[in-house]
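Enquirer: generate a structure from the sequence data that follows.
(chains A and B)
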Amino acid sequence: MNLTLRIWRQTGPDDPGRMVSYQVPDVSPDMSFLEMLDVLNDRLTLDGEDPVAFDHDCREGICGACGMVINGVAHGPERATTACQLHMRHFRDGQTIDIEPWRAKAFPVIKDLVVDRSAFDRIIAAGGYVTAPTGAAPEAHAQLVRKSDADAAFESAACIGCGACVAACPNGSAMLFTAAKVSHLSLLPQGQPERTTRVVGMVDAHDEAGFGGCTNIGECTAVCPKGIPLTSIGRLNRDYLRATRERDGVPGT
Amino acid sequence: MNASGGLDLFTLGEPIADAKAPDGPIETRWQRRRFAAKLVNPANRRKLTVIVVGTGLAGGSAAATLGEQGYQVRSYCYQDSPRRAHSIAAQGGINAAKNYRNDGDSIQRLFYDTVKGGDFRSRESNVRRLAEVSVEIIDQAVAQGVPFAREYGGLLDTRSFGGAQVQRTFYARGQTGQQLLLGAYQALERQIGLGRVEMHSRHEMLELIVVDGRARGIVVRDLVTGEITTDFADAVVLASGGYGNVFYLSTNAKGCNVTATWRAHRKGALFANPCYTQIHPTCIPVSGDHQSKLTLMSESLRNDGRVWVPEAAGDDRPPRQIPEEERDYFLERLYPSFGNLVPRDIASRAAKNVCDSGRGVGQSGLGVYLDFADAIDRLGRPTIAERYGNLFEMYQRITGEDPYEVPMRIYPAVHYTMGGLWVDYDLQSTIPGLFVIGEANFSDHGANRLGASALMQGLADGYFVLPSTIADYLAAGPFDALTDDHPEVVAARDDVTDRLDRLLACQGDRTVDSFHRELGQIMWDHCGMERSDAGLRKALGEIRGLREQFWQRVKVPGDGEGLNQALEKAGRVADFFELAELMCVDALHRTESAGGHFRAESQTPEGEAQRDDEHFSYVAAWEFTGADRPPVLHREDLRFEYVHPSQRSYK
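Expert: Sure, this is the predicted structure:
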C-alpha cells in the first residue's frame, strides 16, 4: 500500500518544530509501524536528508523505549499495543498518518519524536522500591503471599514506563505510571514498611518534575499498552490520604 | 584444525595456566575463595570508584550492590533509562535449586544439568558456584517485591524448562526478565537517589582506557549532545550483553552491540569461544525482507505445546485438516524421555532438519507448528491463558493469527551468545581491573546455555559474585589520579574521534543497515545452525570484502554534534565486522561439534553433535593482534573432576 506520512520534525529543543509530509510507497501489511519508518529513513539517508529520529529498542513491546502519537492516539489505533507491535495491516492504502512525539511539559523534545523521559526515573528514585540490600533477604518462603495479591501486584508491575499515559492525559499527568508502582509494592507484604514514605516521596517527585494533576479522565488507561487499570490510581489516592494523615499525626489509621 | 592448516588464520600462543579457581572439594571452593579474598573496609570504599557499563540484570544489580557497599559507582547505558536494558525482554523464568517441589532437585543436580547442558565446555568451578548462588537470588528478588507466580497456598510456583527433569524454574508469567530487571533497577534507582551511584543514560562507551596495564576508565559519547568525554575509575566493569546482533536478525534489541567488549578486546582482553552462539528454537518466522528483528516465543511454551510438521513433504493443507496419523511430532519421536523439552540446540537442529527435508510449514517453508490443541483440551482455555496469555497475544499481534485456534508457526533464531570476554574465577579479564559480567563474559554456559539460566547467571554475577571478588582487586587502590592529558587517555580519545570522523567522511552510497543485513546473512548462512570448513572459509572471504566496502561506501548522514542514530549504528556495525571474522576463525579451528556449535563434519550416526574431547576440551581464548592480522589462540584446558563428560543424550 501507499501512504502519506506527516511527521513532526524538530532539530532540537530550541527549534519550534513543524509537520513535514512524506510519501511512502509499497508498504507491506506485515511490516511493523517502525519497520515502515525504517524504509522511510533508508530513503531519506540515501537522498542526503536527515532521517527521522525515534526511540526504539526491543521491538517486542516490553522495553518501553518506543512511543509516538499516531493519528492523535498514543501508540496508535490498536488497544494494548506499543508502536513497535503495531502492524501496517491495521492501516489502509492511501491513508494519511500523522506522527508526533509525546507532548508534555515534563517530557521535553530532544529531536523529532525523541523526548526526555528521565523524570520517570526520578519518580522511582524517590521511593519506588523496597529497601532490601543485597544479602539481607530472608528465605523466599518465609512469607506467604496470597495468590490474588501476587496476581494483582503483577498486573501493576507490568508497566513498561513508556509514557503513553502522560501523552494521552489532557493534564500531562503521570499519575497512572506512579500509581502502578505504588500499587505493585503496596499489594505485597514486602512493600508494607515503606508504604507511607513511598507514596509521599513519589507523588512529590511527580509534582516537582512538572507533571499535571490527575482529574480521573481515564485517557491514560485507555492508551496503556499494558492495560494498567485506573483502579491503581484509586489505590494510590487511598495510600496518599492515609500517609498524609499519619504524617499529620492522626492516630489509628 | 592442526597447526599447519591454521597458520594463515591464527597462531598458537601460551596456554592459560591459572584461572584462579581454587582446588580441593568443589562444595567449598566459593566459600574458600571468598575467605581468601582481600576486603576493603567501609571507610576506604568511599575513596574507590567503579565504572559499570550496562544496566541489565548483571550491570544493574552490580551497580546497586556496589553502591550499597559504599563504593563510588558511575553507571552508563545507551538507552534513555537503565530500566530498558534488554534483560527486560527475557520471558520464561529463572532457575534455582530450591527443591521446593521435592522432585529430586539439589545444587548438585543443577550443577550437573548445567555442565551437561553446556556440552562439557564450561568450567566446573564456575558452574558449581552458579548453582549455589541460585537459591540466594530467589530470596533476594522476593525481598525486593518481584511478583513471582504463586500457588493458591501462597507459595512460589515453578515450572519445567529444557534440559531438566525437575521443576526448578521460577517465573512471573511470560515477563520474568522484566520483573527481575525492575527489581534490580529499583535497587539501582534507590542508590541513585541516595547519591551513591551516578547514572549516565544515553551515553555509549566507545573505548577503554588502559594505563600502566590496568583498566582505568572509558571514553564515552553523549548520544544527545555528541560530546566525547572521559571517565576515570579504579576498576571498570563491563556488563554490556551479548553479540547476537552480528547476525542482524536476532531476538536481541536493536541497540544491542559488541562495541564495549570488542574495544576491550582490542586493548588486550582475550575473547573466548566466540563461535558458541545459541539459536533458539521457538521464534516467530521471518515474514519478509523488511524484517528488522525476530521475536522469541518463550521456551516455557514447550511445557504444553507440541511441536510437529506434516508427515509428508509438500503437504500444504491447513494444520487443522491434517489428521493425527499424518503428523510427525518429531521431538517426541526422536527424544522420548525429554520430548518437547530437549535443550535448545537440539530442538533447533531438529527443526532445521525437518524443514530441510521439505516438510516445513508456512509460506517460506521455514517453520514448524507449536500446537496447543491437546493442552487446551486437557487443561481448558483459561489455564492456558493464565500461563501464556501475554505470549499468545504477542504472537497474534505480529502474525495476525490466533494461537488458541491454529497452531503457532515457529522457527529457530539467534538468541544468546555463550562466548564473550575471557574471565577468571573472579570474573576479571586478562586486563587487570577490567571485570566482565553477565552475557558479556564467556564463563558459565559452555557451548550451550540451558533455558532460564541467563537470568540466573546475570544476577549471580551482579548481586553476589562480582561484589565479593572485586574487593580483592580494589584493596590495592585507590590508584594514581589520572587527567585528560595523560598520553594513554589522549590516545584513546583520539582513536574515538578519528573513527567517528572517518565514518562521517565516507559519504558513500549505501546505508549502515544494508551492510548490516548483508553481514548478517553471511553469518547466518555459514556460521549459523550448521558450519562447515568450506562454508566458513567462504564466509571469511566475504566478510573481509564487505568490511572494505563498508569503509568506502557507507553513508552516515549529518554530523557528530548531537543525536545521530545512524552514526551510533555505524560504529557498532564496524565492530561487528571484526567480530564476525573472529567468530568464523574460532568456528573453523574447532573441528568438533559442541552444543550450539555444530560442524557438519563432526556428527554421530544419528546426526547429533559429536564432540572431540581429546582435542578440544578447552576454552579458546583469542588475542587481538590487529584488524588484518591473525589472532593468537590461548587455550585454557578444562578439567572435569565431578561431572564425567559423556555423549549428551536426551533420548
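
Enquirer: any idea which residue of chain A lies closest to chain B?
Expert: A:Leu144 (3.1 Å; Cβ to the nearest Cβ). C-beta: built from backbone N, CA, C; applies to glycine.

Enquirer: which of the helices or strands spans that residue?
Expert: Using DSSP states H and E, A:Leu144 sits within no helix or strand.

Enquirer: do the one 4 residues further on as well
Expert: Applying DSSP H and E as the criterion places A:Ser148 in helix A:147-157.

Enquirer: just the CA trace of that helix, in PDB.
Expert: Once non-C-alpha atoms are left out, helix A:147-157 reads as follows in PDB (Å, rounded to 0.1, in the frame of the first residue of the first chain):
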ATOM      1  CA  LYS A 147      -2.200 -15.600  45.000                       C
ATOM      2  CA  SER A 148      -4.800 -12.900  44.400                       C
ATOM      3  CA  ASP A 149      -2.400 -10.300  45.800                       C
ATOM      4  CA  ALA A 150       0.500 -11.600  43.800                       C
ATOM      5  CA  ASP A 151      -1.500 -11.500  40.700                       C
ATOM      6  CA  ALA A 152      -2.800  -8.000  41.300                       C
ATOM      7  CA  ALA A 153       0.700  -6.800  42.100                       C
ATOM      8  CA  PHE A 154       1.900  -8.300  38.900                       C
ATOM      9  CA  GLU A 155      -0.800  -6.500  36.800                       C
ATOM     10  CA  SER A 156       0.500  -3.200  38.100                       C
ATOM     11  CA  ALA A 157       4.200  -4.200  37.900                       C
END
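
Enquirer: the helix or strand just after that helix close to chain B?
Expert: Scanning forward in sequence from helix A:147-157 by DSSP H and E, the next helix or strand is helix A:164-168. No. Against chain B, helix A:164-168 shows no contacts by Cβ under 8 Å from any Cβ of the partner chain, the least distance being 14.1 Å.

Enquirer: can you tell me what sits against helix A:164-168?
Expert: If you take Cβ atoms under 8 Å, 6 or more residues apart in numbering or on different chains as the criterion, helix A:164-168 is touched by A:67, A:69, A:73-75, A:102-104, A:106-107, A:172-177, A:211, A:219-225, A:228.

Enquirer: give me the buried entries from the residues you listed.
Expert: A:67, A:69, A:73-75, A:102, A:104, A:106-107, A:172-177, A:211, A:219-225, A:228 (16 or more other Cβ atoms under 10 Å in any protein chain shown).

Enquirer: so which of the contacts of helix A:164-168 are in strands?
Expert: Using DSSP state E, the subset of the contacts of helix A:164-168 located in strands is A:69, A:73-74.

Enquirer: what helices or strands is the helix or strand encompassing B:Ala620 leaning on?
Expert: Taking DSSP H and E as the definition, one finds B:Ala620 inside strand B:618-623. Other helices and strands packing on strand B:618-623, by 3 or more Cβ pairs under 8 Å, 6 or more residues apart in numbering or on different chains; DSSP states H and E, are strand B:271-272, helix B:565-589, strand B:632-637.

Enquirer: tilt between the longest helix along chain A and helix A:147-157?
Expert: In chain A, assigned by DSSP state H, the helix with the most residues is helix A:231-247. Following axes from the mean of the first three to the mean of the last three Cα atoms, to 10 degrees, one obtains 100 degrees for the angle between helix A:231-247 and helix A:147-157.

Enquirer: domain ranges for chain B, per the record?
Expert: The record's domain parsing of chain B by automatic domain parsing lists B:280-415, B:484-617.

Enquirer: how far is the longest one from where the chain is centred?
Expert: The chain centroid and the centroid of domain B:280-415 are separated by 23 Å under Cα atoms, centre = their mean, to the nearest Å.

Enquirer: distance between the ends of it?
Expert: 6 Å (Cα to Cα, to the nearest Å).

Enquirer: the last one too?
Expert: Domain B:484-617 has an end-to-end distance of 45 Å (Cα to Cα).

Enquirer: what about B:Cys313, how many neighbours?
Expert: One thing to correct before we go on: residue B:313 is Ala, not Cys. When neighbours are counted by other Cβ atoms under 10 Å in any protein chain shown, B:Ala313 registers 12.

Enquirer: three-state assignment of the residue lying closest to it once chain neighbours are set aside?
Expert: Nearest residue to B:Ala313 in three dimensions, chain neighbours excluded: B:Gly358, at 3.6 Å (Cβ to Cβ, 6 or more residues apart in numbering or on different chains). Classification of B:Gly358 by DSSP: H, G, I helix; E, B strand; the rest coil places it in helix.

Enquirer: same check on B:Trp524?
Expert: Assigned by three-state DSSP, the conformation of B:Trp524 is helix.

Enquirer: residues contacting the residue of chain B found nearest chain A?
Expert: Going by Cβ to the nearest Cβ, chain A is nearest to B:Gly154 of chain B, at 3.1 Å. B:Gly154 makes contact with A:144-147 under the criterion Cβ under 8 Å, 6+ apart.
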